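Trainee: with the input below, show me the fold.
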Amino acid sequence: MRFSVYQISRRGGREKNEDRMGYCYTREAGLFALADGMGGHPEGEVASQLSLQMLAAMFQRECKPTLPDPLRFLQEAIVAGHHQLLRYATQKALLDTPRTTIVACVLQGNEAYWAHCGDSRLYLVRGDKLIARTRDHSYSELQQTMSQVVPMPDRYNRNVLFTCLGSPGKPVVDTVGPVMLQPGDRVMLCSDGLWGSVTDAVITDQLASLAISDSVPELVEQALRNGGAKSDNVSVIAVEFEGVGGSQGSSGIQTQQLGDAVFASTIQAGVLGTDEPDELDDAEIERSIREINEAIKRSSQHKKT
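Mentor: Below is the predicted model of the structure:
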């Protein structure tokens, strides 16, 4: 499998950035995920980090080098992250539980599978068309959908969600897939800091007309400008699917170079509660990937000697 990936996070006008994102891959599958820690509850950055760590750990355990059932994996791994948050709150004797939204996508072969809980979104753009977008687990989006059936005069604040990870009730996790991919398809995962300030039409146009390394930072800057001094954190991870087989001309990641048992990840199992950078850019991610690849090479050389 070949793909290009670009990710970026900006703090906006908030005191700290509680968004987290990253990706993992084996020789034949990739996992891309983004979580947005929820304000109004304790340790949102811990909630988002814990949920991604659980996804990455379960992906590493189950993807050998493919997932037998990607939709089942996404459902179970996201719910496992929810239970991890409940355990964390109990261990720390917190009066409230850290909470987060999450959206995750698995690319395997030429198919995509995705799942989400909350209002972090996934967009799939093919050519100049928006092929798919997740529907937020918010009362405002539910109201918009239901208003087509029955009159609903009152308007809800779009930030009010009816489910997330870490809440007392069982989280609602919507899954989609498999969706057949074509070379050139772009998949974008983002926090509400982006889509809350930039329309779907603008997002689609930018992803369709520019390389993801150009469109993603431009979208983030637009969101920050539109949001003004009180802008939310804006985080995006975008993937361009390039194909399944190997290609000499590809400038992206070619997973065929990995061994059967090799797992690469930008989701670090760091010490929870430590300070995280407020801004993450692609240079930092590329540096992390280089370190992973160097470690893989050293391991391979060591086996030969």
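
Trainee: quick check: phi and psi at H82.
Mentor: phi -60, psi -50 (degrees, to the nearest 10).

Trainee: dump the residue contacts of it.
Mentor: By C-beta atoms under 8 Å, 6 or more residues apart in numbering, the contact set of H82 is 51, 117, 165-166, 170-171. Placement of C-beta: from N, CA and C, glycine included.

Trainee: repeat that for 6 Å
Mentor: Going by C-beta atoms under 6 Å, 6 or more residues apart in numbering, H82 touches 165, 171.

Trainee: tell me the secondary structure at the closest residue to F263 other than its chain neighbours.
Mentor: Excluding the flanking residues, the one nearest F263 by C-beta to C-beta, 6 or more residues apart in numbering is Q60, at 4.7 Å. Under DSSP: H, G, I helix; E, B strand; the rest coil, Q60 falls in the helix class.

Trainee: same for the strand or helix carrying L124, what does it pack against?
Mentor: Assigned by DSSP states H and E, L124 belongs to strand 121-126. Contacting strand 121-126 under the criterion 3 or more C-beta pairs under 6 Å, 6 or more residues apart in numbering; DSSP states H and E are the following elements: strand 129-133, strand 186-190, helix 200-209.

Trainee: now with 8 Å, please.
Mentor: strand 100-108, strand 111-117, strand 129-133, strand 186-190, helix 200-209 (3 or more C-beta pairs under 8 Å, 6 or more residues apart in numbering; DSSP states H and E).

Trainee: restricting to C-alpha, output it in PDB.
Mentor: C-alpha atoms of strand 121-126 as PDB (Å, rounded to 0.1, in the frame of the first residue of the first chain):
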ATOM      1  CA  ARG A 121     -15.100  14.400  11.500                       C
ATOM      2  CA  LEU A 122     -13.900  12.400   8.500                       C
ATOM      3  CA  TYR A 123     -14.200  13.700   5.000                       C
ATOM      4  CA  LEU A 124     -13.600  11.500   1.800                       C
ATOM      5  CA  VAL A 125     -13.000  13.500  -1.400                       C
ATOM      6  CA  ARG A 126     -12.600  11.900  -4.800                       C
END
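
Trainee: contact partners of it?
Mentor: By C-beta under 8 Å, 6+ apart, the residues outside strand 121-126 that reach it are 103, 105, 112, 114, 116, 130-134, 136, 179, 182, 184-190, 192, 195, 200, 203-204, 207-208.
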